[in-house]
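Peer 1: please work out how this folds:
(one chain, ligands or ions: 1)
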Amino acid sequence: MPSVKFETGRDFALAMTTADPLAPYRDRFHIPKTPGGSDCVYLCGHSLGLQPKSARAYVEQELQDWAHLGVEGHFHAKNPWMLYHESLTAPTARLVGALPSEVVVMNSLTVNLHLMMVSFYRPTPQRHKIVIESNAFPSDQYAVQSQISFHGYDPAESLLEIAPRPGETSVRTEDIEKLLAEKGEQIALSLLSGVNYYSGQAFDCQHIAKAAHAQGCIVGFDMAHAAGNLLLQLHDWNVDFAVWCSYKYLNGGPGCVAGCFVHEKPAMDKELPRFAGWWGHDKSSRFQMPPQFQPIPGAEGWQLSNPSILSMAALRASMEIFDEVTIKRLRAKSEALTAYLEFLLTQQPCGKFSILTPRDPSQRGAQLSLQIRKGGRAICDLLAQQGIICDWREPDILRVAPVPLYNSFLDVHTFADKFLSQVKA
Ligand SMILES: Cc1ncc(COP(=O)(O)O)c(C=O)c1O
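Peer 2: As a prediction, the model looks like this:
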């Protein structure tokens, strides 16, 4: 989107919405309704993305084939279930900047994180530490701590948490580099987020991967808040592995099957230790049920079980939309939407809240995290009563994400208007 000079009036929001070439995509999604029947202002795609209208037909197709074919659907369904996950490979690879052989859709995020750490976190007495954000998503914290303990090390010693400097709200890339340079020889794994769930800070993954590799560390990323939000180039950035869920910006539905990236080099290494299951076994001999595991070359070799077809069907509907619109165009609109939100919130000085998320567009995605001095939880609830859906993270953060696929400049204007009148009341 070409850069425009923002204005505060509602007529400007309306004009921007009318001129938005991606505006028609909103109609491809179910927008939750208020009790009065009007569209909610849904700014919560960072938590649960909305349902593509086409998802129903995709799921119904599989329900029908199941009803009519039973077990035969594995081979004779319109989209045979045996190969169903493969239909998600190419769109997923395009979305995260990977080779098709480097991605697979399977399990859920935390399960995939554990599977990746089984292969990539191989601690030794010299090198057993893991770098993580001090406010990483708790599930990542639990997963990492349990892996460290499982290997007989002490999380108090092996977990290196990186935090913003006192008085600052974002982690500086130079501080990550410094930590890697100073302690690199002891660090087995750098595991940061693409976008931090709490602050909305987007990390410079390429830079971090390079700095960590220079110290001989493995580089993994939790891309839960980055997939479908930012332009990713996981292959070119030389990331070793990445995991993400598909129910946020990817609109796959609650608990949808997740994504996993393994870089080509390790992905093709059949000797790399892993936890194995039959769905990761060589496809040509899988049904001969041989006793010896032979991994499929590529990320598919980490699959354990036959996957949930109904869940993948809904995701397929959404990935088709991503392919049509392209992440590049979405990111361009997203930068404009988020900048517009920031503009509206900062026109008049207001000591009652501050923006925790970096102001630099290259260091954030769709989400702005607003730190509210007093009564924030009540404001979030009041907004919800008015049909404005954001979410609350204790102790004082309102997370707001205008999602370029289905949010409009008008949505952003309505939110800012209502929020500012609440927070100033
Ligand atoms: C950053 C991040 N990591 C991990 C998770 C856990 O995801 P799952 O429950 O799919 O394992 C979430 C869930 O919201 C998340 O936001």
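
Peer 1: if I look at the residue nearest to Val96 when sequence neighbours are not counted, how far off is the ligand?
Peer 2: Nearest non-adjacent residue to Val96, counting by Cβ to Cβ, 6 or more residues apart in numbering: Leu232, 4.6 Å away. No exception for glycine: its C-beta is placed from N, CA and C like everyone else's. Distance, Leu232 to the ligand, by Cβ to the nearest ligand atom, to the nearest Å: 15 Å.

Peer 1: so Ser408 sits right up against Tyr25, yeah?
Peer 2: No - look at Ser408 against Tyr25 with Cβ atoms under 8 Å: they stay out of range, at 10.3 Å.

Peer 1: neighbour count winner among those two?
Peer 2: Each of Ser408 and Tyr25 has its neighbours counted (other Cβ atoms under 10 Å); Ser408 has more, 22 against 19.

Peer 1: which helix or strand contains the nearest residue to the more buried one once chain neighbours are set aside?
Peer 2: Excluding the flanking residues, the one nearest Ser408 by Cβ to Cβ, 6+ apart is Thr17, at 4.4 Å. Assigned by DSSP states H and E, Thr17 belongs to helix 10-19.

Peer 1: what residues of that helix count as buried?
Peer 2: Within helix 10-19, the residues that qualify as buried are 12-13, 16-17, counting by 16 or more other Cβ atoms under 10 Å.

Peer 1: from the rest of the structure, what touches the very next helix or strand once past it?
Peer 2: In the C-terminal direction, the helix or strand that comes right after helix 10-19 (DSSP H and E) is strand 41-42. Under the contact criterion Cβ atoms under 8 Å, 6 or more residues apart in numbering, strand 41-42 has outside partners 31-32, 50, 387-389, 406-407, 411, 414-415.

Peer 1: strand 41-42 pairs with which strands, parallel or anti?
Peer 2: Strand 41-42 has the following strand partners under DSSP bridges: strand 388-389 (parallel).

Peer 1: state the mean pLDDT of the partner strand.
Peer 2: In this model, strand 388-389 has a mean pLDDT of 98.

Peer 1: swap in stretch 17-24?
Peer 2: Mean pLDDT, computed over stretch 17-24, is 98.

Peer 1: can you list the neighbours in contact with that stretch?
Peer 2: 1, 325, 329-330, 333, 404-405, 408-410.

Peer 1: span of that stretch from start to end?
Peer 2: The first and last residues of stretch 17-24 sit 10 Å apart, counting by Cα to Cα, to the nearest Å.

Peer 1: and that stretch, how far out from the chain middle?
Peer 2: The chain centroid and the centroid of stretch 17-24 are separated by 25 Å under Cα atoms, centre = their mean, to the nearest Å.

Peer 1: likewise stretch 329-337?
Peer 2: 16 Å.

Peer 1: buried stuff in it?
Peer 2: Quick answer for stretch 329-337 (16+ other Cβ under 10 Å): 330-337.

Peer 1: with stretch 36-49 instead?
Peer 2: 39-49.

Peer 1: keep only those residues that also lie close to the ligand.
Peer 2: Near the ligand, judged by Cβ under 6 Å from any ligand atom, there are no entries from the buried residues of stretch 36-49.

Peer 1: now, which of those residues sits nearest Leu160?
Peer 2: His46 (26.6 Å; Cβ to Cβ).
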